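Asks: Mind folding the following:
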Amino acid sequence: MAKVHIIGAGPGAIDYLIPAARREIEKADCLIGAKRILSQFCYPDKKKMYLEGHFNEAGSYIKKNKDRKRIVVLVSGDPGLYSFLRQVQLILKKEEYAVIPGISALQLAFARIGESWQDAKIISLHGRGKGNLAKELKDCGKAFLFTDAKFPPEKIAGYLLRNGIKNRRAIVFEDLTYPSERIVDTDLKALSSERGFGLCAMIIKK
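Replies: Model (predicted):
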């Protein structure tokens with residue numbers, strides 16, 4: 001039986017794709033993933049399906065073709081960390097899919113600043129809004145945030161300052177592994193006046 005593979009494509013640049021993942025991608029009949037990820041793989045003989053706005057369509061295709069096609073679902077970073085893996089678990093049995101991990105933005109961000117992350121609180125703001133972010137960070141010594149376009153780093157900084165979170169180091173990681181990579185290491189007050197961030201992750205620490 002052909003297995004569906006859920007593969008972590010890493011934080012961005014294809015250099016960070018692990019060899020086991022590359023081998024399964026090369027054997028695949030169909031690649032499913034975000035446009036940004038799929039644009040890095042030039043295989044004219046493989047079917048490509050975009051996930052953006054097509055989650056239900058992708059799920060239906062996977063269920064229909066899982067036994068006769070080699071399907072690879074490519075997710076950014078690591079599949080175990082806020083990815084399409086959760087949706088796959090709802091439509092397939094465990095024996096019908098396999099997971100190949102990837103390097104996450106979380107791992108790479110802490111590597112960039114030369115620090116460990118086992119004590120970091122991990123928070124995703126993708127499509128979730130700010131919620132109880134200030135409360136979550138009040139007594140937190142180190143946190144990693146996946147940001148959202150609607151709630152970028154400068155707005156996060158302003159929100160935290162207005163809610164009594166002060167004296168925090170704020171590190172913004174923009175376009176990790178891409179030629180446009182930028183790291184801004186500052187504090188919340190200075191960050192609140194910055195503008196123009198794109199695809200970002202953040203570390204906030206005491």
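Asks: Going by C-alpha atoms from here, please, whenever you check contacts or count neighbours.
Replies: Fine.
Asks: what residues go with each domain of this structure?
Replies: With domains defined by automatic domain parsing, the chain comprises 4-103, 106-205.
Asks: distance between the ends of the last one?
Replies: Read it as domain 106-205. Across its full length, domain 106-205 reaches 14 Å between end residues, using Cα to Cα, to the nearest Å.
Asks: Kindly reformat the domains of the chain as JSON lines and extend each row with mean pLDDT and mean neighbour count.
Replies: Supplementary listing: these in JSON lines, determined by pLDDT from 0 to 100; neighbours: other Cα atoms under 10 Å:
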{"stretch": "domain 4-103", "mean pLDDT": "92", "mean neighbour count": "17"}
{"stretch": "domain 106-205", "mean pLDDT": "91", "mean neighbour count": "16"}
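Asks: Check which helices and strands the strand or helix carrying residue 159 is in contact with.
Replies: Applying DSSP states H and E as the criterion places residue 159 in helix 153-162. Secondary-structure packing of helix 153-162 (3 or more Cα pairs under 8 Å, 6 or more residues apart in numbering; DSSP states H and E): helix 188-191.
Asks: Give me the contacts around the helix it packs on.
Replies: 153-154, 157-158, 160-161, 166-170 (Cα atoms under 8 Å, 6 or more residues apart in numbering).
Asks: Next secondary structure after the helix holding residue 159?
Replies: strand 169-174.
Asks: Now that next one - C-alpha only, CSV.
Replies: As requested, the backbone C-alpha atoms of strand 169-174 are provided in CSV (Å, rounded to 0.1, in the frame of the first residue of the first chain):
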residue,chain,number,x,y,z
ARG,A,169,14.2,41.8,24.7
ALA,A,170,12.5,41.4,21.3
ILE,A,171,14.1,39.6,18.4
VAL,A,172,12.4,39.5,15.0
PHE,A,173,13.4,37.0,12.4
GLU,A,174,12.2,37.9,8.9
